[in-house]
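Chemist: What follows is a predicted structure for the sequence shown.
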Amino acid sequence: MDKETKVAYEIVRQRIVENLDRLEDLQAQGVKVSGDVNSLKRWRRYGAAFAWDPEVFQDVLENPTMDDAKLLSSLRAKETRLMKNCGVINKIPLHHIIANRTGGDLGIRTPIDQWLEVRDRVFQATGAKPGNAQANLNAAGQFDELAHLGRIGAKGSVFEAAGGKVPKGFPVLHRAGQQLQERAGATPAIVTSSPAEKAELLIPSVVSQQERFAETTATPQVQAQRQVLTRAGYPEAFAPETPIERIQEIAAEIRGTDIPSEFAAAWEAKAGNLHCKSVLGPEAYQKMLAAAKETIKKPLGALAGAATMVEPEAVKSALEGKPLEAVKQTATGAVAGAVVEQVGRRVAPVAMRFIPKAGQMALGAFGSTVGAPLAAGYAGYELLNAIVEGATGKTLQETGQAAEQTKEELRQQGMSEYQLRKRARTGR
């Protein structure tokens with residue numbers, strides 16, 4: 001941080017401290033005041049964010065003498081924009097890896113040169129960069145409210161519609177036992193301690209939050225939800241390095257599809273295998289499971305078969321709006337093989353809204369049984385159309401016609417029905 005920026009920072013820091021002191025005094029006297037500019041909670045929250053990473057508040061540093069109302073508004077606006085725009089699913093919460101309130105008012109009450117050393121020591125020890133920059137607030141911080149606060153998501157959202165319960169022992173991000181050292185800034189002995197002592201106090205809290213973030217991210221529920229986006233062709237949707245602009249593009253592309261609803265429903269994925277088996281029947285389910293496992297072993301051969309040998313019966317069932325029949329008809333064929341190559345491709349599903357909910361959920365959690373290569377987020381018409389179009393560049397109808405033509409040509413070349421079925425199954 002250069003000299004001019006430090007001067008601007010100190011002006012803002014001291015103004016925030018003055019407001020904290022003013023409001024703490026009023027609170028101690030029992031005097032109630034209203035309005036944003038008189039909110040002690042907001043000055044503390046956004047003041048801490050400013051201390052941890054002032055570089056993201058360029059508008060504030062360029063105009064450090066703006067009036068209090070505008071200053072508080074500017075400090076809040078940065079985080080609000082990130083929270084609103086860094087979500088692929090509407091109304092999904094965004095979680096800071098390290099809470100801005102870590103250390104409480106300690107950062108904002110520590111002169112800049114000392115605080116810069118504290119920040120550097122924390123970074124060197126943990127790799128963490130608290131604040132509102134992308135290092136701490138990014139796409140990886142998108143969590144269902146069930147994982148975030150242990151409650152159903154916002155009203156009017158797909159999360160409210162999906163419902164869901166938090167399993168006993170689930171590591172909710174905001175749960176009891178988290179030590180943020182929020183009283184550090186109110187303890188004179190800590191405020192006047194050395195940068196090394198301040199860092200030593202904060203590092204355990206930072207590490208515990210990193211561990212908590214990683215633990216929650218690794219849960220089956222969170223991973224099942226994120227796989228929905230991966231299978232839909234958006235593996236970057238929850239990557240920490242993905243820029244906001246890309247997140248907004250993904251959000252726009254999946255808006256109006258069933259992907260958001262599938263994401264929310266995937267929280268209950270553990271029950272999905274039983275549901276899938278009951279809808280398809282045990283025989284079709286076992287055939288599909290075997291085909292998927294075989295696909296993982298020999299993906300390229302299966303892909304080749306899928307590209308040319310989609311069963312016209314399955315196409316017909318899908319186009320007639322019979323998703324379960326279509327799924328059963330392709331369970332032993334090579335269509336599943338195309339999934340391996342379809343992952344990573346961008347597909348814009350449009351047909352799912354026309355398919356009965358039972359068909360949409362038929363493969364809801366099946367992919368968790370065999371791993372990421374299976375597009376468990378798709379079912380019915382969307383499953384078939386997305387897989388085939390991702391593999392061949394053609395729609396189901398076009399591919400069905402091409403497959404029938406290819407079959408006839410191979411028959412004329414002397415290929416038997418057994419060989420045709422083998423080709424559909426293995427690609428050879």
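Modeler: It's in.
Chemist: C-alpha from now on. contacts and neighbour counts both.
Modeler: OK.
Chemist: where's A224 relative to A147, distance?
Modeler: Separation of A224 from A147 (CA to CA, to the nearest Å): 13 Å.
Chemist: Same question for P171.
Modeler: To A147, P171 is 7 Å away according to CA to CA.
Chemist: Check the contact lists of these two and give me the overlap.
Modeler: Common neighbours of P171 and A147 are listed as T216 (criterion: CA atoms under 8 Å, 6 or more residues apart in numbering).
Chemist: And these two? Which one has more around it.
Modeler: Comparing P171 with A147 by other CA atoms under 10 Å, the one with more neighbours is A147, at 26 against 18.
Chemist: got the buried residues for stretch 69-87?
Modeler: 71-72, 74-76, 78-79, 82-83, 85-87 (16 or more other CA atoms under 10 Å).
Chemist: Which of these fall within strands?
Modeler: In strands, judged by DSSP state E, none of these are found.
Chemist: Pick out the lowest-pLDDT one from the residues you listed.
Modeler: Lowest pLDDT of the buried residues of stretch 69-87: L82, 81.
Chemist: Low-confidence ranges, this protein, go.
Modeler: Along the chain, segments meeting pLDDT under 70 span 269-404, 407, 417-428.
Chemist: for it, what's the longest helix?
Modeler: helix 3-29 (DSSP state H).
Chemist: Show me what secondary structure element comes after that helix.
Modeler: Where DSSP states H and E defines the elements, the next helix or strand beyond helix 3-29 is helix 40-52.
Chemist: which strands and helices sit next to whichever helix or strand comes after that next one?
Modeler: Toward the C-terminal end, the helix or strand that comes next after helix 40-52 (DSSP H and E) is helix 58-62. Other helices and strands packing on helix 58-62, by 3 or more CA pairs under 8 Å, 6 or more residues apart in numbering; DSSP states H and E, are helix 3-29, helix 68-85.
Chemist: closest one to T230 among these?
Modeler: helix 68-85 (19.7 Å; CA to CA).
Chemist: Can I get the closest one in PDB, CA atoms only?
Modeler: This file holds the C-alpha atoms of helix 68-85, laid out as PDB (Å, rounded to 0.1, in the frame of the first residue of the first chain):
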ATOM      1  CA  ASP A  68     -21.100   9.500   7.000                       C
ATOM      2  CA  ALA A  69     -24.200   8.300   5.300                       C
ATOM      3  CA  LYS A  70     -22.500   7.900   1.900                       C
ATOM      4  CA  LEU A  71     -19.400   6.300   3.600                       C
ATOM      5  CA  LEU A  72     -21.500   3.600   5.200                       C
ATOM      6  CA  SER A  73     -23.500   3.100   2.000                       C
ATOM      7  CA  SER A  74     -20.300   2.700   0.000                       C
ATOM      8  CA  LEU A  75     -18.800   0.200   2.400                       C
ATOM      9  CA  ARG A  76     -22.000  -1.800   2.300                       C
ATOM     10  CA  ALA A  77     -22.500  -1.700  -1.500                       C
ATOM     11  CA  LYS A  78     -19.400  -3.700  -2.300                       C
ATOM     12  CA  GLU A  79     -20.500  -6.700  -0.300                       C
ATOM     13  CA  THR A  80     -24.100  -6.400  -1.400                       C
ATOM     14  CA  ARG A  81     -23.100  -6.500  -5.000                       C
ATOM     15  CA  LEU A  82     -21.000  -9.600  -4.500                       C
ATOM     16  CA  MET A  83     -23.800 -11.300  -2.500                       C
ATOM     17  CA  LYS A  84     -26.300 -10.600  -5.200                       C
ATOM     18  CA  ASN A  85     -24.300 -11.300  -8.300                       C
END
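Chemist: Next up, the contacts around the residue nearest to F143 when sequence neighbours are not counted.
Modeler: Leaving aside its sequence neighbours, F143 sits nearest to P93 (CA to CA, 6 or more residues apart in numbering; 5.7 Å). Each residue near P93 by CA under 8 Å, 6+ apart is listed here: 83, 87, 141-145, 148.
Chemist: Outline the domain layout of this protein.
Modeler: As assigned by automatic domain parsing, the chain contains the domains 3-218, 258-426.
Chemist: Sweet, I'm off.
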